[in-house]
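Q: have a look at this prediction, sequence included:
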Amino acid sequence: MSIIDPCRILLPNHQSTVDAGHSLAHAIYTMPLTILLQGELGSGKTTLFRGFAQGLGVGAYVISPTFALEQRYTTERWGELLHVDLYRLSPEQSREIVATSDDHPGIRCIEWAERLGVDLATSFPHAISIELEEEGNGRSMDVTYRDVPLPSAAEIASWRNEVMLPAHIISHCHAVSTLCRTYADSLCDRCIPVRAEALVAAAELHDLLRIVGMQPDTGPAGITTTPEEESCWEKWRSLYAGLTHEEAAAAFLRERGYAALAEIVAVHGLTLPSPLRATTEQKLLFYADKRVKQDMVVSLEERFKDFQKRYGKGKKSAQSQEWYEEAKALEKELFPNGVPA
């Protein structure tokens, strides 16, 4: 198990800093949450926090709490946002003021966290750490997500063996994860922070229980199954009876302590009404999955023609058209200047 998910972004100007903060608000999976904000004077900490607060739906104007030490705001979905500023405090005073909010049930952002005089990774093992620095004519932002546990490659391989996941589904998952990595890098280049390691892990696992509810004759030609595989799959179908393969994989992950990955995986499929995809990672996985036919990257048009052939006997339906238009709209949202190759 790992909990380290780093992201480095270059911020060329004030607006890019605001936008990066806004995007951070679309990558929240755990509550309560502590954010450790570090950087010298003028590095953009308050600017980033303002964008973050806007992304959380805070309507009030955000001010620096340097003199009041803390400010509180109401968010749309995540309860109270607490902003603590330690700039004028000694390490001992900083630790005292922060300790008073250790039980804060919402989001706590600690600005000038380095003033605590402690090893932040040890003292706040399940936090998001952000460090801003002047770099050239702009700034660099290093984000380290430590709030979400991630499975190791060995765990993923073990789970695939446990469910006897077919090789062609593993190949599909790996192709989607590779594409997700490309997309994550592209968004980071546009000052949008992404939990790349969480996204890649979710992509590797998104079809872990594809055998639940799998329709006959929808896989690649020439695939045969053994009695041992059928017996194994029947066990999982019984265990997760009544669930789609997306829901089953999400339940599997939650049972093993990976609730955040479950949130990403749960909404990657095609259902109506379409589920809410609130986070950047949920959107990227949904889109990347719709760009991979078996283990090949194809256009959305080709992918949805393949869906029609396998599930609709070659006929276009109102449902498939709605899903296609949803994917195209998401493509424009994620990549307004064109999809990276």
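A: Here it is on my side, so go on.

Q: quick one: average pLDDT of stretch 204-219?
A: Averaged across stretch 204-219, pLDDT comes to 81.

Q: stretch 20-40 too?
A: 96.

Q: now stretch 154-161
A: Rounded mean pLDDT across stretch 154-161 is 98.

Q: also stretch 57-69?
A: If you average the pLDDT over stretch 57-69, you get 77.

Q: again, but for stretch 330-341
A: 94.

Q: between the two ends of that stretch, how far is it?
A: Its start and end residues considered, stretch 330-341 measures 17 Å (C-alpha to C-alpha, to the nearest Å).

Q: what residues of stretch 51-64 count as buried?
A: 51, 52, 53, 54, 55, 56, 58, 62 (16 or more other C-beta atoms under 10 Å). C-beta coordinates here come from the backbone N, C-alpha and C atoms, glycine included.

Q: quick one: the residue most central in space within the chain from residue 29, how far?
A: Centroid-nearest residue in the chain: residue 281, 3.3 Å away (criterion: C-alpha atoms, centre = their mean). Noted for residue 281: a distance of 9 Å to residue 29, by C-beta to C-beta, to the nearest Å.

Q: now do residue 187
A: Counting by C-beta to C-beta, the gap from residue 187 to residue 29 is 17 Å.

Q: mind listing the strands for the stretch 1-150 of the chain?
A: In the stretch 1-150 of the chain, the strands defined using DSSP state E, counting those that start in this stretch lie at 5-11, 33-38, 70-74, 80-85, 107-111, 128-135, 138-145.

Q: domains for this protein, by residue range?
A: Following automatic domain parsing, one finds the domains of the chain at 5-145, 153-334.

Q: strands along the stretch 201-341 of the chain, start to end?
A: Going by DSSP E, counting those that start in this stretch, the stretch 201-341 of the chain shows strands at 292-293, 296-297.

Q: save those strands as TSV, and put in mean neighbour count and mean pLDDT too.
A: Output for the strands of the stretch 201-341 of the chain, formatted as TSV (neighbours: other C-beta atoms under 10 Å; pLDDT from 0 to 100):
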stretch	mean neighbour count	mean pLDDT
strand 292-293	20	96
strand 296-297	14	96
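
Q: dump those strands to JSON lines, plus distance to residue 141.
A: Listed next are these as JSON lines, based on distance: least, C-beta to C-beta, whole Å:
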{"stretch": "strand 292-293", "distance to residue 141": "30"}
{"stretch": "strand 296-297", "distance to residue 141": "30"}
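
Q: show me which positions of stretch 84-99 end up buried.
A: In stretch 84-99, counting by 16+ other C-beta under 10 Å, buried: 84, 85, 86, 89, 94, 95, 97, 98.
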